[in-house]
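Visitor: starting from these lines, generate the structure:
(one chain, ligands or ions: 2)
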Amino acid sequence: MSHTETHAFQTEVNQLLKLMIHALYSNKEIFLRELVSNASDALDKLRFEAVSNDALNEGESELAITVTFDKEVRTINISDNGIGMTRDEVIANIGTIANSGTKKFLENLSGDQAKDSNLIGQFGVGFYSSFIVADEVTLETRKAGDDKAEGTRWISKGEGEFTLETIDKEVKGTSITLHMKEDMDEFLDQFRLKNIISTYSDHINFPIKMVKTEWDEEAKEEKATDELEQVNKATALWTQPKSEITDEEYKNFYQTISHDFNEPLAHVHNRVEGTLEYTSLLYIPKQAPFDLYDRDRRYGLKLYVKRVFIMDDAEHLMPAYLRFVRGVIDSADLPLNVSREILQSNKVVDKIRSASVKRVLGELEKVAKDEDQTRYQGFWEQFGNVLKEGLVEDFANKEKIAKLLRFATTHSGDAQQNVSLQDYIERMGEEQEAIYYIIADTHAAAKGSPHLEMFRKKGIEVLLLSDRIDEWLVSHLDEFEGKKLKSITAADLKELAEEDEQELSEEDKQAREALTEKVKKAIEGSVSDVRITHRLTDSPACVVTAEGDISSHMARMMEQMGQ
Ligand code: ADP
Ligand code: MG
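Guide: Ligands and ions are numbered 1, 2, ... in the order given. The predicted structure follows:
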């Protein structure tokens, strides 16, 4: 009959497990959130596939999650009648790290526990979180539509290996039994489990059921009955009226969909009715994920069609420069069988996206106007460089995005980027025509540039740019509210030169010419011209670029890239 096969975990899995057990010890109850969320995903998938293939329902009408526990044998069970897994899928999904994001995550670990637990919080720890509380996990599963004899049992103690066995499984879907560690008694308790479910999983779109208990007068304690009762609200949070949702509920929902332990910075929740009908619930996180700049990373929103989950990471619903936004879009106008390809060129999607972008930018504007500047400043530090991409990517919202930019300037001189272009314009003198900036590799280099001398002397504020993307940024932002942006290293700054064209004696003129000739000779081939300048007050010389030339910073960047 069925024989048992032993497999070794990938080494990365072992590494992840060890780390997680330590790092998440103080958040151990999240195991239930993760398992319930997997069960809910499995039900979502079944419901979606059954739309075109009713046989997958196997005659069952209600999709649900059941959570039970047994104090005597110290187990907790989480079951769903969702899509289930084949044996090959079990091997691929559980016990290996197929996901490139997970690999990157592991590469990012520093060994510093505080830092790593923060990282792990941003990363969906998922199924493996069961080993924080359990010393043995048994997973039994059968793919919907498959033969009842083709179930799979997976067992592991989370230490290097797992076993696989083929079993009979009557109901489709997945059942997970955790054998709890000695010191995890607190979870073998109706009240505690119910509480965790209502904290993290109230809004899960399917009923979560537990055994109903009743007060037993004789024994003076709660006793289990034979009945199951639903313990969550099971109404998708975004479908509720705003006035009925508490801040706590918004926060918990964010944490569930983002796997982030932090609270979100802000959220926008809208129901749109009329020619288009959809609901959006969008969150701006406080903290950037470790892989924000990873090009392979999937990003985007969860897409639902009339409450039916369609896909994660629907990247067409948000432009790349807002890839940090998390949330849900639930549309009534898209077909249930919508694919990524369809989303790519769909009028409904385009409209939803452009409205969503406006909402997010509007919300950021609000945060930026807050009396308390720390929130926006925090946002800028985490996501400023990503938002800058929007200036190039999103022509329609250029003006809005430009208002959200923050810079370090000579006004305070410190490295914190907290000056908006509007602040700059308000401070500038009447005769000043342009917004001046300097770009260098580091803030210190920008701040120490001899080009600034003249500006300091005249009391003109200069933006100190030193982020990699800044060169690109200014090449796409040539003006703001009618004021041109100008580099102070460009040669042609006539308006500032005010060359005091006093009469020079013939002697002086000749001396100057002789000097420039000499310098020109000495550095021939490195520069195209040498000129006398009035720009400098303390430094003897500086390099400028001619109008139309690439800047010296860009030239250095291209050199670094081997061009
Ligand atoms: P994630 O949910 O982020 O993909 P998990 O570690 O939580 O990561 O789960 C890994 C994978 O295992 C899931 O993507 C899914 O394919 C599979 N899986 C986990 N739990 C279930 C379940 N209850 N039913 C079906 N598949 C599951
Ligand atoms: Mg999961």
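Visitor: residue 133 touches residue 28, doesn't it?
Guide: Yes: in this structure, residue 133 is within contact of residue 28 by Cβ atoms under 8 Å, at 5.4 Å. Every C-beta, even on glycine, is put in place using the N, C-alpha and C of the backbone.
Visitor: any shared contact partners between those two?
Guide: Common neighbours of residue 133 and residue 28, using Cβ atoms under 8 Å, 6 or more residues apart in numbering, are residue 184.
Visitor: the more surrounded of these two?
Guide: Set residue 133 next to residue 28 and count neighbours by other Cβ atoms under 10 Å: residue 133 wins out with 24 against 16.
Visitor: ligand 2 versus the closest residue to the more buried one other than its chain neighbours, what's the distance?
Guide: Of all residues not flanking residue 133 in the chain, residue 184 sits nearest, at 4.7 Å (Cβ to Cβ, 6 or more residues apart in numbering). Distance of residue 184 to ligand 2, given as Cβ to the ion, to the nearest Å: 21 Å.
Visitor: neighbours of residue 184, how many?
Guide: Using other Cβ under 10 Å, the number of residues around residue 184 comes to 18.
Visitor: same check on residue 251?
Guide: Neighbours around residue 251, by other Cβ under 10 Å: 15.
Visitor: next one: the nearest residue to it once chain neighbours are set aside from ligand 1, what distance?
Guide: Nearest non-adjacent residue to residue 251, counting by Cβ to Cβ, 6+ apart: residue 263, 5.3 Å away. As for residue 263, its distance to ligand 1 is 21 Å (criterion: Cβ to the nearest ligand atom, to the nearest Å).
Visitor: now for residue 263: which residues touch it?
Guide: Applying Cβ under 8 Å, 6+ apart to residue 263 gives the contacts 251, 254, 255, 286.
Visitor: go with 10 Å
Guide: 247, 250, 251, 252, 254, 255, 283, 285, 286, 287 (Cβ atoms under 10 Å, 6 or more residues apart in numbering).
Visitor: narrow the residues you listed to those that are buried.
Guide: Listed as buried from the contacts of residue 263 are 250, 252, 254, 255, 283, 285, 286, 287; burial here means 16 or more other Cβ atoms under 10 Å.
Visitor: and these, which is the shakiest by pLDDT?
Guide: Going through the buried ones among the contacts of residue 263 one by one, the lowest pLDDT turns up at residue 255, 86.
Visitor: the helix or strand residue 92 falls within and ligand 2 in contact?
Guide: Assigned by DSSP states H and E, residue 92 falls within helix 87-93. No: if you take Cβ under 5 Å from the ion as the test, helix 87-93 misses ligand 2, and the best it gets is 9.7 Å.
Visitor: touching ligand 1 at all, that helix?
Guide: Yes: counting by Cβ under 6 Å from any ligand atom, contacts between helix 87-93 and ligand 1 involve residue 93.
Visitor: for that helix, buried residues please.
Guide: For helix 87-93, the neighbour count (16+ other Cβ under 10 Å) marks 87, 90, 91 as buried.
Visitor: state the distance from residue 529 to ligand 2.
Guide: Using Cβ to the ion, residue 529 is found at 63 Å from ligand 2.
Visitor: tell me the predicted confidence for the residue nearest to that residue when sequence neighbours are not counted.
Guide: Nearest residue to residue 529, sequence neighbours excluded (Cβ to Cβ, 6+ apart): residue 520, at 7.6 Å. pLDDT for residue 520: 80.
Visitor: surely residue 520 and residue 532 touch.
Guide: No: Residue 520 is beyond contact range of residue 532, at 11.9 Å (criterion: Cβ atoms under 10 Å).
Visitor: who has more neighbours out of those two?
Guide: Between residue 520 and residue 532, counted using other Cβ under 10 Å, residue 520 has the larger neighbour count: 14 against 9.
Visitor: spit out the contact partners of that one.
Guide: 527, 528, 529, 530, 531.
Visitor: tell me which helix or strand it sits in.
Guide: With DSSP H and E as criterion, residue 520 is part of helix 506-522.
Visitor: host element of the closest residue to residue 324 other than its chain neighbours?
Guide: Using Cβ to Cβ, 6+ apart and skipping residues adjacent in sequence, the residue nearest residue 324 is residue 383, 5.4 Å away. Assigned by DSSP H and E, residue 383 belongs to helix 374-393.
Visitor: mind listing what's buried along the helix or strand that that helix is followed by?
Guide: Tracing the chain C-terminally past helix 374-393 and defining elements by DSSP H and E, one meets helix 398-404 next. By 16+ other Cβ under 10 Å, the buried positions in helix 398-404 come out as 398, 400, 401, 402, 403, 404.
Visitor: check which helices and strands helix 398-404 sits against.
Guide: Judged by 3 or more Cβ pairs under 10 Å, 6 or more residues apart in numbering; DSSP states H and E, the packing partners of helix 398-404 are helix 347-369, helix 374-393, helix 421-427, helix 470-476, strand 479-480.
Visitor: can we see that at 8 Å?
Guide: helix 347-369, helix 374-393, helix 421-427 (3 or more Cβ pairs under 8 Å, 6 or more residues apart in numbering; DSSP states H and E).
Visitor: make JSON lines from those and add distance to ligand 2 and mean pLDDT to it.
Guide: Shown next, in JSON lines, are those (distance: least, Cβ to the ion, whole Å; pLDDT from 0 to 100):
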{"stretch": "helix 347-369", "distance to ligand 2": "25", "mean pLDDT": "96"}
{"stretch": "helix 374-393", "distance to ligand 2": "25", "mean pLDDT": "95"}
{"stretch": "helix 421-427", "distance to ligand 2": "43", "mean pLDDT": "96"}
